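# Structure for the following, please:
(chains A and B)
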Amino acid sequence: MDPISSIPTVTQREQWTVEEMVSEIYQLFSSVPHHAQTIMLELRRDQHIEFLTRGLRQLGPSFRVLDANRPWLCYWILHSIALLGESIFSDLENNSIDFLNRCQDPDGGYGGGPGQLPHLATTYAAVNALMTLGGQKALSSINRDKMRTFLLRMKDPSGGFRMHDGGEMDVRACYTAISVASVLNILDPELVENVGNYILSCQTYEGGIAGEPGSEAHGGYTFCGLATMILINESQRLDLRSLIDWVAFRQGVECGFQGRANKLVDGCYSFWQGAVFALIQRLNSIIVEQLRALDVGGSLSWRSICTGAASNLSEGECGSDVKSYQTDERFHAKQKEFSDIGLNFIKIPAELGPLFHSVALQQYILLCSQVQDGGFRDKPGKHRDYYHTCYCLSGLAVCQYSWCKDADSPPLPKAVLGPHSNLLEPIHPLFNVVLHRYYEAHNFFMGS
Amino acid sequence: MDSDEDERIPFSQRAEWSDVKPVSQDDGPNPVVPIAYTDDFRETMDYFRAVYQSDERTHRSLALTEEAIDMNAGNYTVWHFRRLILETLNADLHNELDFIERIAKSNSKNYQIWHHRRWVAEKLGTKATELELDFTRKVLSLDAKHYHAWSHRQWSLQVLGGWEEELDYCGKLIEEDIFNNSAWNQRYFVITRSPLLGGLQAMRESEVRYTVEAILANPDNESPWRYLRGLYKGDTSLLLSDPQVVSVCLKVLSTSMNCVFALSLLLDLLCLGFQPDQEFKSVVESLRTSDSATPDSNLAKTVCSVLERVDSLRSNYWAWRKNNLPSPAVQS
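Numbering: from 1, shown residues only, chains lettered A, B, ... in the order given. Got it, this is the predicted structure:
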């Protein structure tokens, strides 16, 4: 291995190019007077809304590569609009409900477009889009009974989920399945069985979570894995200390997040990594317990809480004989317990402050990812798109509320970078839906 | 590709398709996110819907799925139906590998291509071992951090074998780009899972040497630092007792005082109950600058304070670490 003086590697060259572009922007920013800085930091609300609603009404021919992702396009756009605190005209709202219903499979779940096979990712997108629209018509359009059948059909005997009939199995599939089941109040021990073991097998030596066992720790999968573990009440089985350490190191000199070690910054990780911090803020009691295990008995009992507690749980509670206790009262008791996890989680006061630099991240989102004509992008030099618009705005919301102990309270002015008009709606970090719409959906599906 | 498209004959004018009635997409009267399909795309999908709905698993359907995938390789329904056809026709799967390779050339970052490849390779069995290693090597030569390619390679090694040269391959990629974290991750995969190497315990000694050398060559590279910790996963007492770990930290700090990765590993050692000797203590003491007027009550706190200062982007994190030090660290 050559010493430092040798020729720069591909990673170094690409990293330096990005650092240069970003630092040019920051230098310009610091050289202009205060009022000009405020303008630079302003969220271009009108331009974003215009970019978003235009896409909802019409997309160009190049979007054919997303022809199997249309519920995603709905979610990215509708959620972005909701984050901005705006609503859409009722004709567009009705058209959205009608269109998503055409993507719903008669046997449950949603496909990427009308007549396509149901797929877990587009199912998650469709359900989140309908939650975001809110109201009786949108929420009641989801066939919950068939949804449960679909989710069970996607479940692999190993515990994981497949994205579609005969499709690939990964952490994304677990998250989308469990998230949908949780908000629709159909999560039960049969769906949950062995999911925790699967996610646990994907936590890597780096601390983050990979898409499949053996793969590399990655921001998107770390969010999906952690959120899943929380939703099934098994987050204490993860090694949270090393997970936090890994994610803390993903914020770089550009001020934004990268998805993996030694990869380039990308605005979309403002949410995937940023929301991991938001989740961690409400896991304080579990983290303290893990740290205390280190305290009391030293490293040995530390290990036992990460691994030993796990086997206790899987042998006992998550039992191998789910079928037999399906008729049991315990099954229903468990089901009841799962139904409130999402709601209870957001009610927990955030005892921890954010463990990342929230103002720095807002700076990256507003100055480097924001496109003046509307929309957001991965990084300077890239084109805007609806995916990055959704996840940059979601990450921005996470930052703005990151110092709020109570999820429903407005943030302090100093927590919001730029003019106060930049303030977005708060989200539920487990589902990435605006908070008041989550409450509405929770009430709706609890009652039914 | 462009010249092909110019010469493309619409399905409606192809004699062999004259018996099929195309099925248009049920988008409703006022769809949202409507895509302005080109005539070619719309027609191809209309014919696809026709054969999909009638479950026609024929050679012409197979050819049709190829055209549809060419236009949108992300349509998993088309790929799924293609697999059903391949099974029914008992088609030659070697041709399928060529097809995938051609599709992957234009854009290989798509879940469908790789899932399909896995399905084909699994059916071919060990006949595909070398082919899969070659294919992923080709993709990784263009993008050495390609997530799907690495996942496929790992799957292929586990199911089809071919572990013999994998550690050398990782070494070669790390040599080309020592910052390639995916290559480091693959190396960890190989030393922990290869049936030929005897597992982590057997590999630890030589791997620690390799990693220490990589750290010293470039201390600001996070990958080998995380890898080094990984080598002691599940064996904290060994991490604490192996002199090579603490010595690489101290050696790096002796030349680059602000190396965050070295400081962070020192902190972890202290948190796990490491008993520092005099040299260790004096190195940590020397890191403290004159501006930190009030000395911290113990070493771990000192390291946290240094980190808060030199790694200010993460100051929230280091402050949190400082407030949550376990008692073994506080005692030292």
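
# With B:Tyr317 as the reference, measure out to the closest residue to A:Pro349 other than its chain neighbours.
Sequence neighbours aside, A:Lys405 is the residue nearest to A:Pro349 in space, at 4.9 Å (criterion: C-beta to C-beta, 6 or more residues apart in numbering or on different chains). In short, each C-beta sits where N, CA and C put it, glycine included. The span separating A:Lys405 from B:Tyr317 equals 19 Å under the rule C-beta to C-beta, to the nearest Å.

# For the two, indicate the residue with more neighbours.
B:Tyr317 (25 against 12; other C-beta atoms under 10 Å in any protein chain shown).

# Assess the claim that the more buried one and A:Ala248 are in contact.
Yes - B:Tyr317 lies in contact with A:Ala248 (C-beta atoms under 8 Å); the separation is 4.3 Å.

# For these two, list the residues in contact with both.
Both B:Tyr317 and A:Ala248 are contacted by A:355-356, under the criterion C-beta atoms under 8 Å, 6 or more residues apart in numbering or on different chains.

# secondary structure element for A:Tyr124?
Element membership for A:Tyr124 (DSSP states H and E) is helix A:120-133.

# got the CA coordinates for that helix in CSV?
The C-alpha trace of helix A:120-133 is given here as CSV (Å, rounded to 0.1, in the frame of the first residue of the first chain):
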residue,chain,number,x,y,z
LEU,A,120,-44.4,-3.8,-1.7
ALA,A,121,-42.6,-0.6,-2.5
THR,A,122,-45.4,0.8,-4.6
THR,A,123,-47.9,-0.4,-2.0
TYR,A,124,-46.0,1.6,0.6
ALA,A,125,-46.0,4.6,-1.7
ALA,A,126,-49.7,4.3,-2.5
VAL,A,127,-50.7,3.9,1.2
ASN,A,128,-48.5,6.9,2.2
ALA,A,129,-49.9,9.0,-0.6
LEU,A,130,-53.5,8.2,0.4
MET,A,131,-52.7,8.9,4.0
THR,A,132,-51.2,12.2,2.9
LEU,A,133,-54.4,13.1,1.0
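
# Any part of that helix near chain B?
No - between helix A:120-133 and chain B, judged by C-beta under 8 Å from any C-beta of the partner chain, nothing touches; the nearest distance is 9.0 Å.

# Show me what that helix is packed against.
helix A:70-83, helix A:90-103, helix A:136-140, helix A:144-154, helix A:171-183, strand A:433-434, helix A:435-447 (3 or more C-beta pairs under 8 Å, 6 or more residues apart in numbering or on different chains; DSSP states H and E).

# rewinding a little: can you confirm the residue nearest to A:Pro349 is in a strand?
No - with DSSP: H, G, I helix; E, B strand; the rest coil as the criterion, A:Lys405 is coil rather than part of a strand.

# following the helix or strand where B:Leu84 lies, which helix or strand shows up next?
Using DSSP H and E, B:Leu84 sits within helix B:76-89. For helix B:76-89, the following helix or strand on the C-terminal side (DSSP H and E) is helix B:93-106.

# got the contact list for the residue lying closest to A:Thr9 once chain neighbours are set aside?
Excluding its sequence neighbours, the residue lying closest to A:Thr9 (C-beta to C-beta, 6+ apart) is B:Asp177, at 4.0 Å. Taking C-beta under 8 Å, 6+ apart, we find B:Asp177 in contact with A:9-11, B:144, B:183.

# shouldn't the residue nearest to A:Pro349 be in contact with A:Lys347?
No - between A:Lys405 and A:Lys347 there is no contact under C-beta under 8 Å: 11.5 Å.

# Give me the distance between A:Asp46 and A:Leu133.
22 Å.

# which of these two has more neighbours?
Neighbour count, other C-beta under 10 Å: between A:Asp46 and A:Leu133, A:Leu133 has more, with 23 against 10.

# From A:Asn432, how far off is that one?
A:Leu133 sits 15 Å away from A:Asn432, taking C-beta to C-beta as the criterion.

# again, but for A:Tyr401
Note on A:Tyr401: its distance to A:Asn432, by C-beta to C-beta, is 13 Å.

# Name the residues of the stretch 1-150 of chain B found near chain A, please.
B:25-28, B:30-38, B:41, B:45, B:49, B:53, B:71-77, B:80, B:83, B:111, B:114-115, B:118-119, B:144-145, B:147, B:150.

# Any quick ChimeraX command for the buried ones out of those?
Applying 16 or more other C-beta atoms under 10 Å in any protein chain shown to the residues of the stretch 1-150 of chain B next to chain A leaves a buried subset, and the ChimeraX line that selects it is:
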select /B:25,27,31,32,33,34,35,37,41,45,49,71,72,73,74,75,76,77,80,83,111,114,115,118,119,144,145,147,150
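
# Narrow the residues of the stretch 1-150 of chain B next to chain A to those in helices?
B:41, B:45, B:49, B:53, B:71, B:76-77, B:80, B:83, B:111, B:114-115, B:118-119, B:147, B:150 (DSSP state H).

# Next, A:Gln251: phi, psi?
Torsion angles at A:Gln251 (phi, psi; degrees, to the nearest 10) stand at phi -80, psi 130.

# now it, which residues is it bridged with?
Beta-bridge pairing of A:Gln251 under DSSP bridges involves A:Phe257.

# so how many other residues sit close to it?
27.

# which ones are touching it?
A:257, A:273, A:356-357, A:360-361, B:313-314.

# What is the longest helix of the chain by residue count?
In the absence of a named chain, chain A is used. Longest helix in chain A, counting by DSSP H: helix A:10-31.

# My question was about chain B, not that one.
helix B:199-217.

# That one near chain A anywhere?
Yes - with C-beta under 8 Å from any C-beta as the criterion, chain A is reached by helix B:199-217 at B:213-214, B:217.

# which one is the residue in chain A positioned nearest to chain B nearest to, not counting chain neighbours?
Ranked by C-beta to the nearest C-beta, the top residue of chain A for proximity to chain B is A:Tyr205, at 3.0 Å. With sequence-adjacent residues excluded and distances taken as C-beta to C-beta, 6+ apart, A:Tyr205 is closest to B:Gly230, at 3.0 Å.

# what does the stretch 151-300 of chain B put close to chain A?
B:151, B:154-155, B:158, B:174-182, B:185, B:188-189, B:193, B:213-214, B:217-218, B:221-223, B:226-227, B:229-230, B:233-234, B:236-237, B:240, B:264, B:271-273.

# who touches A:Asp170 in this structure?
Contacts for A:Asp170 (C-beta under 8 Å, 6+ apart) come out as A:160, A:163, A:211-212, A:221.

# one step back: looking at the contacts of A:Gln251, which one is closest to A:Asn443?
A:Gln273 (30.9 Å; C-beta to C-beta).

# how many other residues sit next to the residue nearest to the closest one when sequence neighbours are not counted?
Leaving aside its sequence neighbours, A:Gln273 sits nearest to A:Phe257 (C-beta to C-beta, 6+ apart; 4.1 Å). A:Phe257: 26 surrounding residues under other C-beta under 10 Å.

# got the contact list for A:Phe257?
Contacts of A:Phe257 by C-beta under 8 Å, 6+ apart are A:219, A:250-251, A:265-266, A:269-270, A:272-274, A:361.

# Number of residues surrounding residue 54?
Since no chain was named, I'll use chain A. A:Arg54: 12 neighbours (other C-beta under 10 Å).

# Can you look at chain B instead?
12.

# any idea of the pLDDT on it?
B:Ser54 is assigned 98 on the pLDDT scale.

# what about it, distance to A:Gln362?
54 Å.

# ok now stretch A:73-83, how far from the chain's centre?
Computed by C-alpha atoms, centre = their mean, to the nearest Å, the chain-centroid distance of stretch A:73-83 equals 14 Å.
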